[in-house]
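Using only what follows, build the 3D model:
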Amino acid sequence: MFKSLLKEKDAKGPAHTRSLTETVTSGASRESVGSMGHSGGKSSTPVLQSTASSDSDVADSEVGKLSLTMLLASLTFVQLVRNRLKAHPCLASMSDLDLKRFHSANKGHSNHALKHVQAALDWRNTVNYTSILNEDFSDLEATGKLTIECTDGQQNAVMIWQQSRHTPSPSSPSVPSVAGSAPNTAPSTPKLSHRESKEAAQAAIDRNLRFFLYTILRAYETHRLRSDNKLVVIIDRIGMTPANYDQPLGKAIIACMQYFPEQFKAYYVFPKNAVLMVAWKVTRVFLDPVTVARIKLLGEGEVKATLGAIIPQNELLVRYGGTKIDPYDAVAPVPIIGSKTSAGSNQAVDDDDEQDDFVDADDAADEEILDLGSVREGKATPSLVTGNDSACSPTSPAQLQ
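This next block holds a predicted model:
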């Protein structure tokens with residue numbers, strides 16, 4: 001059918017290209033992905049003029065053919081997946097837009113994209129994805145460490161990971177006290193064996209993984225995150241200390257990012273420091289150029305201007321220079337960017353590593369610092385949190401260590 005449509009289009013010229021493109025687009029779901037795989041709820045297919053005599057019209061015609069071909073290819077891929085994997089118990093959890101994003105992420109290679117979808121569906125089945133919204137995460141929600149409460153200027157949902165609000169579980173490994181902090185008066189807990197500690201750590205990762213997914217699914221349910229928009233992720237490290245380093249959530253997020261291709265628009269990580277920059281220089285060589293372009297490491301002085309340029313004032317939190325109140329500040333306040341309190345916290349948390357408020361390099365020598373692994377040309381890249389190459393494989397479920 002599609003071949004006959006293309007032949008008919010070529011025979012009738014540019015004006016018919018416009019008509020056919022509009023017909024195909026209107027018949028597709030509202031969730032259709034535009035040219036080059038960037039979704040936004042709007043078709044990026046150019047409108048062609050009917051005057052075929054000029055060079056510009058010829059060029060427009062060629063662009064129209066390419067856009068139409070890509071659109072038809074993505075629609076064909078959706079049909080392919082629906083037919084090939086129709087018996088999979090989790091297929092219904094993926095929209096047509098989800099499938100088109102897999103196709104786009106794999107540069108239009110249907111075989112690779114199909115394997116990627118199969119792996120993602122198997123992963124969803126393993127984690128019992130469809131039941132997550134029925135689970136109780138009220139304790140983690142109450143911390144305010146991971147929220148989707150605002151949108152940017154393009155209506156993309158903004159996820160804020162406030163790392164200082166993490167409260168380690170009693171079974172977490174002990175950490176050294178920070179100079180100037182109050183002594184730990186909490187009752188001591190029995191020391192866990194190596195096996196018990198490993199099981200407790202894995203349980204924390206598993207639950208935080210489910211909480212991360214729950215946060216996204218809840219945003220869809222409440223329409224804070226629209227199906228045709230993406231996520232902007234803010235990783236706020238202000239006030240973070242070795243004592244509240246949120247490793248479980250970090251591992252959880254990285255482990256499942258591969259199963260949501262083209263879902264994350266950008267990542268803003270701040271404040272940057274020498275240790276983070278070293279880790280980033282090591283990490284970025286393993287990432288594809290698209291992923292590298294999406295990751296922005298900001299100094300504290302850059303945060304307000306950068307976030308203010310993409311997020312409206314009424315949607316931007318007060319601590320980032322906006323007017324929106326963070327309801328969790330009443331429970332766990334976070335210093336305003338650029339304040340003396342904020343600057344002081346950067347200096348005090350880690351005396352031996354100067355401004356390293358992200359993680360104490362001495363106390364976590366065997367832990368890597370930044371994990372934003374991706375895939376380049378189908379090859380897995382090392383995971384800098386888990387240290388596990390398979391954590392970024394697009395064809396097999398992540399192996400959490």
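
all helices of the stretch 101-250 of the chain, in order?
Ranges of helices in the stretch 101-250 of the chain, per DSSP state H, counting those that start in this stretch, are 110-126, 138-141, 194-221, 247-257.

Of those, which shows the lowest average pLDDT?
Of all the helices of the stretch 101-250 of the chain, the minimum mean pLDDT falls on helix 247-257 (a mean of 77).

circling back to that earlier point, out of the helices of the stretch 101-250 of the chain, which one sits most buried?
helix 247-257 (a mean of 23; mean count of other Cβ atoms under 10 Å). Glycine gets a C-beta too; all of them are placed from N, C-alpha and C.

got the angle for that one vs helix 194-221?
Calculated by axes from the mean of the first three to the mean of the last three Cα atoms, to 10 degrees, helix 247-257 forms an angle of 60 degrees with helix 194-221.

and helix 247-257 with helix 110-126, angle?
140 degrees.

so what does helix 247-257 touch, helix or strand wise?
Here helix 247-257 touches helix 194-221, going by 3 or more Cβ pairs under 8 Å, 6 or more residues apart in numbering; DSSP states H and E.

about what we covered before: select, out of the helices of the stretch 101-250 of the chain, the one closest to K296.
Closest of the helices of the stretch 101-250 of the chain to K296 is helix 247-257, at 16.4 Å (criterion: Cβ to Cβ).

In PDB, list the C-alpha atoms belonging to the closest one.
Taking C-alpha atoms only, helix 247-257 is exported to PDB below (Å, rounded to 0.1, in the frame of the first residue of the first chain):
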ATOM      1  CA  GLN A 247      23.100   6.100  45.200                       C
ATOM      2  CA  PRO A 248      20.000   3.800  45.000                       C
ATOM      3  CA  LEU A 249      18.000   6.300  43.000                       C
ATOM      4  CA  GLY A 250      20.900   7.100  40.800                       C
ATOM      5  CA  LYS A 251      21.400   3.400  39.900                       C
ATOM      6  CA  ALA A 252      17.700   3.000  39.400                       C
ATOM      7  CA  ILE A 253      17.400   5.900  37.000                       C
ATOM      8  CA  ILE A 254      20.400   4.900  34.900                       C
ATOM      9  CA  ALA A 255      19.300   1.300  34.800                       C
ATOM     10  CA  CYS A 256      16.000   2.100  33.100                       C
ATOM     11  CA  MET A 257      16.800   5.100  30.900                       C
END
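
Give me the sheet partners of the next helix or strand after that helix and which way each runs.
Using DSSP states H and E, the helix or strand that follows helix 247-257 in sequence is strand 264-270. If you go by DSSP bridges, strand 264-270 pairs up with strand 231-236 (parallel), strand 295-297 (parallel).

Would you mind listing the buried residues in strand 264-270?
Across strand 264-270, burial judged by 16 or more other Cβ atoms under 10 Å covers F264, K265, A266, Y267, Y268, V269, F270.

Against V117, how distant is the closest residue to the second one other than its chain neighbours?
Closest residue to K265 apart from its sequence neighbours, by Cβ to Cβ, 6 or more residues apart in numbering: K230 at 4.0 Å. Distance of K230 to V117, given as Cβ to Cβ, to the nearest Å: 19 Å.

and what of S164?
37 Å.

And L276, by the same measure?
Applying Cβ to Cβ, the value for L276 to V117 is 34 Å.

what's the most buried one of the strands paired with strand 264-270?
strand 231-236 (a mean of 22).

Could you pull up the mean pLDDT of it?
Mean per-residue pLDDT for strand 231-236: 94.

what's the neighbour count on S131?
Using other Cβ atoms under 10 Å, S131 has 9 other residues around it.

For it, give me the pLDDT.
The predicted local confidence for S131 is 96.

L372 too?
43.

Which residue, other than its chain neighbours, is closest to R319?
I336 is the one closest to R319 (Cβ to Cβ, 6+ apart), at 4.4 Å.

Wait, the one you found touches L317, no?
No: between I336 and L317 there is no contact under Cβ atoms under 8 Å: 9.3 Å.

Between the two, tell me which one has more neighbours.
Each of I336 and L317 has its neighbours counted (other Cβ under 10 Å); L317 has more, 25 against 16.

So that one versus D236, what's the distance?
9 Å.

got any residues that touch both of the two?
Shared contacts of L317 and D236, defined by Cβ atoms under 8 Å, 6 or more residues apart in numbering, are found at I160.

In the stretch 1-150 of the chain, where is pLDDT below threshold?
In the predicted model of the stretch 1-150 of the chain, residues 1-71 satisfy pLDDT under 70.

go with 80
1-74 (pLDDT under 80).

Tell me where it has strands.
For the stretch 1-150 of the chain, the strands defined by DSSP state E, counting those that start in this stretch cover 146-151.

leaving aside the residues next to it on the chain, what's closest to R210?
Nearest non-adjacent residue to R210 (Cβ to Cβ, 6+ apart): I132, at 5.6 Å.

In this structure K304 contacts I337, no?
Yes: between K304 and I337 there is a contact under Cβ under 8 Å: 5.8 Å.

Look at these two and report which has more neighbours.
I337 (23 against 18).

how far away is that one from G308?
From I337 to G308 the distance is 11 Å (Cβ to Cβ).

if I look at these two, which residues touch both of them?
In contact with both I337 and G308: Y320, G321, using Cβ under 8 Å, 6+ apart.

Mind putting the buried residues of strand 264-270 into a markdown table with distance to D246 and pLDDT?
Output for these, formatted as a markdown table (distance: Cβ to Cβ, whole Å; pLDDT from 0 to 100):
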| residue | distance to D246 | pLDDT |
| --- | --- | --- |
| F264 | 18 | 92 |
| K265 | 22 | 94 |
| A266 | 21 | 94 |
| Y267 | 16 | 93 |
| Y268 | 17 | 95 |
| V269 | 13 | 92 |
| F270 | 15 | 93 |
